[in-house]
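# here's my sequence, what's the structure:
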Amino acid sequence: MGSFDFIIVGAGSAGCVLADRLSRDGRRRVLVLEAGGDDRRFWIRTPIGYGRTFADSRVNWKYQTEPNPELDGRTMYWPRGRVVGGSSSINALVYCRGMPADFDDWRALGNAGWGWQDVRPYFEKIERRVDATGRASTDGPLDVKDVAPHLHPVRSHWLAAAAELGLPVSEDFNGARPEGLGCYQVTVRHGLRRSAADAFLRPALRRGNVELRTRAWVRRIRIEGGRACGVEYERGGRTEFARADGEVLLCAGAVNSPQLLQLSGIGPGRHLAELGLETRVDNPAVGAHLQDHLAVVYSFKATRPTLNDELNTRLGRLRAGVRYLLTRTGPLALSVNQFGGFLRARPGATRADVQLYFNPVTYGSGDASRTRIELDPFPGFYLCFQPARPTSEGRVDARSADFRAAPRIAPNYLSTERDREDVVHGGRLLQAIAGTRAFRELIREPLAPELTAMDDADLLADFRARAATVYHPVGTCRMGPDPRDSVVDGQLRVRGVERLRVVDASVFPTVTSANTNAPTLMVARKAADHLSSG
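Got it, this is the predicted structure:
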């Protein structure tokens, strides 16, 4: 099937960035393999279409976790992108770099070159910062837009609550002072989703030296003489092989990258033997150190109209749809995640340790097992918090030697006392916000369970009963200096195999304090420089 300088496994956020950067000289031949199909779908392009793609198996892997012991034995639904653009094509569009201290943590763990001052330039290289008037202040390929003036008017209650409690307000979560309450910036352009495929992959494909093969489900990375030499994949019912003259770049994400390494013989030797796989590199860290953000939603009926009123009737949806088609404005042109922030919930905390969401919409109680999003038939809003830096760690492992079998995902949520304490602190902070005069004026009545009536034990019990993932899995191919407890080195090279790197959120040493798409893009942009100079 030919040979290439680079083979990229996965056309998700990281893979799209690498395809763009590695093909710029016009000479290197780049192959991108994507298990999913084309992303040119109306509900992908429409920002609020997140509610439709959330459960669409045509573009979504729709994974389920193992039962979680500390969450009352519940399983959890994990949507992940199975389409060109990966999860950047089906996420809620929020762009947050994270807190600067997150990356200093990475450096402190022994990852030289990954501190805040090291990674900040790479964020800046990928961003096209667009203000509320549409004026761009930077010239990166990915639009990061301030849509605050276009957001729902209930914003006034959010800012009033901050004033009542003396909480900081941030004008820019990606700026010099990200801590505080404010409005999320989103990846949209002209009222359309701006995914990684739009910003990075499509320009690369126009150069002629990049080939994208969709519906190409990778079986394994072929290793010969300790070196990655190519990729076996299934497409159209046939097994095919693509040879890499340079490197194989695994960009399949925190769920599929460790699975593919294990299927290729790189992982815990005992587990590989149980699956009948030959062990080429015995590394128990492959699939370990899984971290994720876990959040709980509290819903309320509102005293004033919210997005429910605009979108939960046929006539309302028709009006919003016509407006969107004619002007690319209105609720369909925005993310469902509109307001939020980063605050210190634990007494004595020296940095933000909780992320908050305040959205002018409700769709049930936030049940972790739900696979559909349907708006409630009354005006409503919800408040939500997630501890920002959980310490619990789980695993992702291949369930079978069959590449088509979904991997085993065991998040091990709330397995540390620290995480359980952070749940209580976050709940107390949310209670204080809900109890302000600004929110009492907005609340007609709480939907069960009633947030403000809970004591510490109730807060933890309710979190265990209802908390759900915020879709930020990381760490399963962790970067680190210790070869016994990491998968890749500081240049993202897989230990024990030449010409093989992992470039995606699985290499994060620890989860960042916010949404993980932006730092994933940063990691790929930085990795591209390593590859270009190598």
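
# poorly predicted segments of this protein, please.
1, 364-373, 534 (pLDDT under 70).

# how close does residue 488 get to residue 524?
13 Å (Cβ to Cβ, to the nearest Å). Backbone N, C-alpha and C define where each C-beta goes, glycine included.

# of those two, who's got more company?
The neighbour count for residue 488 versus residue 524, taken as other Cβ atoms under 10 Å, is higher for residue 524 (30 against 22).

# wait, is that one part of a helix?
Yes. Looking at residue 524 with DSSP: H, G, I helix; E, B strand; the rest coil, it is inside a helix.

# pretty sure it sits against residue 504.
Yes. Between residue 524 and residue 504 there is a contact under Cβ atoms under 8 Å: 7.5 Å.

# who touches both of these two?
13, 14, 15, 251 (Cβ atoms under 8 Å, 6 or more residues apart in numbering).

# could you redo those residues as CSV and give each row distance to residue 321?
Conversion of these to CSV gives the following (distance: Cβ to Cβ, whole Å):
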residue, distance to residue 321
13, 29
14, 33
15, 32
251, 35
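
# make a markdown table out of the residues you listed and add secondary structure and distance to residue 443.
Output for the shared contacts of residue 524 and residue 504, formatted as a markdown table (DSSP: H, G, I helix; E, B strand; the rest coil; distance: Cβ to Cβ, whole Å):
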| residue | secondary structure | distance to residue 443 |
| --- | --- | --- |
| 13 | helix | 37 |
| 14 | helix | 42 |
| 15 | helix | 44 |
| 251 | coil | 44 |
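
# pull out the buried residues from the residues you listed.
Among these, those classed as buried by 16 or more other Cβ atoms under 10 Å are 13, 14, 15, 251.

# what's the most distant pair in those?
Using Cβ to Cβ, these span at most 8.2 Å, a distance reached by 13 and 251.

# now for residue 327: which residues touch it?
Under the criterion of Cβ under 8 Å, 6+ apart, the contact list for residue 327 reads residue 191.

# just read off the phi/psi values of it.
Main-chain torsions, residue 327, degrees, to the nearest 10: phi -130, psi -10.

# which residues of the stretch 351-500 of the chain fall in helices?
417-434, 437-440, 456-466 (DSSP state H, counting those that start in this stretch).

# so what touches the longest one?
Counting by Cβ under 8 Å, 6+ apart, the neighbours of helix 417-434 from elsewhere in the structure are 70, 161, 165, 296, 298, 300, 343, 345-347, 353-354, 356, 383-387, 390-392, 413-414, 439, 443, 451-452, 454, 456, 459-460, 462-463, 467.

# which residues in the stretch 351-500 of the chain form strands?
Taking DSSP state E, counting those that start in this stretch, the strands of the stretch 351-500 of the chain run over residues 354-359, 380-387, 395-397, 408-410, 443-446, 468-469, 500-502.

# tell me which of the ones you listed is the most buried.
Most buried of those, by mean neighbour count (mean count of other Cβ atoms under 10 Å): strand 500-502, with a mean of 27.

# list the helices and strands it packs on?
On a contact count with 3 or more Cβ pairs under 8 Å, 6 or more residues apart in numbering; DSSP states H and E, strand 500-502 meets strand 238-250.

# what is the neighbour count of the residue lying closest to residue 63 once chain neighbours are set aside?
Computed as Cβ to Cβ, 6 or more residues apart in numbering, the closest residue to residue 63 that is not its neighbour in sequence is residue 78, at 4.1 Å. Residues lying near residue 78 (other Cβ under 10 Å) number 21.

# ok, now which ones touch residue 78?
Neighbours of residue 78 in contact, by Cβ under 8 Å, 6+ apart: 61, 62, 63, 64, 65, 255, 409, 469, 471, 473.

# make a ChimeraX selection of whichever of the residues you listed turn out to be buried.
Listed next is the ChimeraX selection for buried residues among the contacts of residue 78, using 16+ other Cβ under 10 Å:
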select :61,62,63,65,255,409,469,471,473
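
# farthest-separated two in the contacts of residue 78?
Of all the pairs that these form, the one spanning the most space (Cβ to Cβ) is 62 and 473, at 14.4 Å.

# okay, and the beta partners of residue 241?
For residue 241, the beta-bridge assignment (DSSP bridges) gives partners residue 232.

# next one: it from residue 216, what distance?
In terms of Cβ to Cβ, residue 241 sits 11 Å off from residue 216.

# how many neighbours does the residue nearest to residue 73 when sequence neighbours are not counted have?
Leaving aside its chain neighbours, residue 73 sits nearest to residue 67 (4.7 Å; criterion: Cβ to Cβ, 6+ apart). Look at residue 67: counted by other Cβ under 10 Å, it has 12 neighbours.

# including distance to residue 118, could the contacts of residue 78 go into a markdown table?
Shown next, in a markdown table, are the contacts of residue 78 (distance: Cβ to Cβ, whole Å):
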| residue | distance to residue 118 |
| --- | --- |
| 61 | 32 |
| 62 | 36 |
| 63 | 33 |
| 64 | 37 |
| 65 | 33 |
| 255 | 27 |
| 409 | 31 |
| 469 | 29 |
| 471 | 27 |
| 473 | 24 |
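
# ok, back up a step: would you turn the helices of the stretch 351-500 of the chain into JSON lines with mean neighbour count and distance to residue 92?
Shown next, in JSON lines, are those (neighbours: other Cβ atoms under 10 Å; distance: least, Cβ to Cβ, whole Å):
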{"stretch": "helix 417-434", "mean neighbour count": "19", "distance to residue 92": "20"}
{"stretch": "helix 437-440", "mean neighbour count": "16", "distance to residue 92": "23"}
{"stretch": "helix 456-466", "mean neighbour count": "17", "distance to residue 92": "19"}
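
# Serialize these to JSON lines and add fields for distance to residue 494.
Below are the helices of the stretch 351-500 of the chain laid out as JSON lines (distance: least, Cβ to Cβ, whole Å):
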{"stretch": "helix 417-434", "distance to residue 494": "30"}
{"stretch": "helix 437-440", "distance to residue 494": "49"}
{"stretch": "helix 456-466", "distance to residue 494": "37"}
